[in-house]
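A.B. asks: Prediction below, plus the sequence it came from.
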Amino acid sequence: MEFKEKLRAYQTEIESAIEEYLPTAQTRPSHIHEAMLYSLRAGGKRLRPILVLAARELFGGEAIAMPAAISVESLHTYSLIHDDLPSIDDGDLRRGKPTCHKQFDEATAVLAGDALLTYAFQLLAKHYGDSPEICTKLVAELSDTAGSERLIGGQMEDILGEGAPLSEDTLNFIHLNKTSALIECCLVMGGIVGQADAGQIESLRAYGREIGIAFQIIDDILDATSDEATLGKNTGSDAEMEKTTYVKLHGLEKSRQLAAQRTGRAIELCSELPGDTSFLEGLASYLENRLN
Ligand code: GRG
């Protein structure tokens, strides 16, 4: 299958799996389930669940990776809902639609985020509980990633640094943890479901780190060069607009080179992985050239 065809096939599978694995909007109390589904259904590239599925496929066998894939999309969506809250980035639009707190209200958005975070772990326990070793590794990986040293830690440093120029070291810390951590985690979770060995897990993690940082550099380039409103991206606060970015630190040209270097390294790392890595190679290049 061609790269783009495979990408679309993954996206279609994930859209149906969201409906299959989440409680329906009619589940009592319907208000919270509507809010959770509103944000999950709002679109998005589905990059993270695709990474779980693609990493799992490298290892053959029959193990089912979709619950792990939906688990990370659920956790990712929680982080977006909370990031958009008035007390954090105060965003109006997310995935081209009103943010969760604009569509519902702030209390509902806080609870919808909390519920999606919790649901991520519920899905792992429910679908992998019969294989305790795999289940424990998945929970450990996802909770490390979501915790105070990684996702939350990156977000905290980001908030603390608002309003002042950041050093390159701090910017790297923020993006390694706020953006790259969950991307790495998806590859590792796919590897865990596929029963990858320790060396293969480290290669998956390294690939994830390279595409994760490249992803953030490209995000900064897109923010600097495109009309956010027409792309339907988050329209942030003044503090958000003032933020230190790769483009502000290095300029556009150098930032493009840095993204290309990271992408090249990710593609090289694929030679350490088993199976057909052409999709992961194609994905690294696709992300480097993405327009949203
Ligand atoms: C828990 C509040 C809280 C924050 C944790 C992950 C995170 C830190 C905040 C989310 C907001 C953000 C801009 C993170 C940087 C990573 C990033 C560019 C996310 C957007 O990912 P995409 O472009 O989104 O893959 P879609 O909508 O396509 O899924």
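C.D. replies: Cool, the structure landed.

A.B. asks: C-alpha only now, for contacts and for neighbours.
C.D. replies: OK.

A.B. asks: Closest residue of the stretch 1-150 of the chain to the ligand?
C.D. replies: Here the stretch 1-150 of the chain gets closest to the ligand at one residue, Gly44, 3.5 Å apart by C-alpha to the nearest ligand atom.

A.B. asks: Now the phi/psi pair for that residue, please.
C.D. replies: When quoted as degrees, to the nearest 10, the phi and psi of Gly44 stand at phi 100, psi 160.

A.B. asks: Contacts only, for it.
C.D. replies: By C-alpha atoms under 8 Å, 6 or more residues apart in numbering, Gly44 lies in contact with Arg95.

A.B. asks: Tell me the confidence at it?
C.D. replies: Note for Gly44: predicted pLDDT of 93.

A.B. asks: Apart from its neighbours in sequence, what residue is nearest Cys135?
C.D. replies: Tyr128 (5.1 Å; C-alpha to C-alpha, 6 or more residues apart in numbering).

A.B. asks: meant to ask about Glu157
C.D. replies: Ile174 (6.3 Å).

A.B. asks: Test my guess that Leu182 contacts Thr145.
C.D. replies: Yes. In this structure, Leu182 is within contact of Thr145 by C-alpha atoms under 8 Å, at 6.2 Å.

A.B. asks: When the two are compared, which one has more neighbours?
C.D. replies: Leu182 (27 against 23; other C-alpha atoms under 10 Å).

A.B. asks: Next, the more buried one: phi, psi?
C.D. replies: phi -70, psi -30.

A.B. asks: Flag every residue of the protein that's near the ligand.
C.D. replies: Residues of the chain found near the ligand (C-alpha under 6 Å from any ligand atom) are 44-47, 79-80, 82-83, 95, 151-152, 155, 178-179, 216.

A.B. asks: before we move on, back to that, how about the residue nearest to Glu157, what does it touch?
C.D. replies: Contacts of Ile174 (C-alpha under 8 Å, 6+ apart): 153-155, 157-158.

A.B. asks: Over to Glu202?
C.D. replies: Glu202 neighbours (C-alpha under 8 Å, 6+ apart): Val188.

A.B. asks: my read is it is in a strand, agree?
C.D. replies: No. Using DSSP: H, G, I helix; E, B strand; the rest coil, the assignment for Glu202 is helix, not a strand.

A.B. asks: Distance of it relative to Glu272?
C.D. replies: Using C-alpha to C-alpha, to the nearest Å, we find Glu202 at a distance of 10 Å from Glu272.
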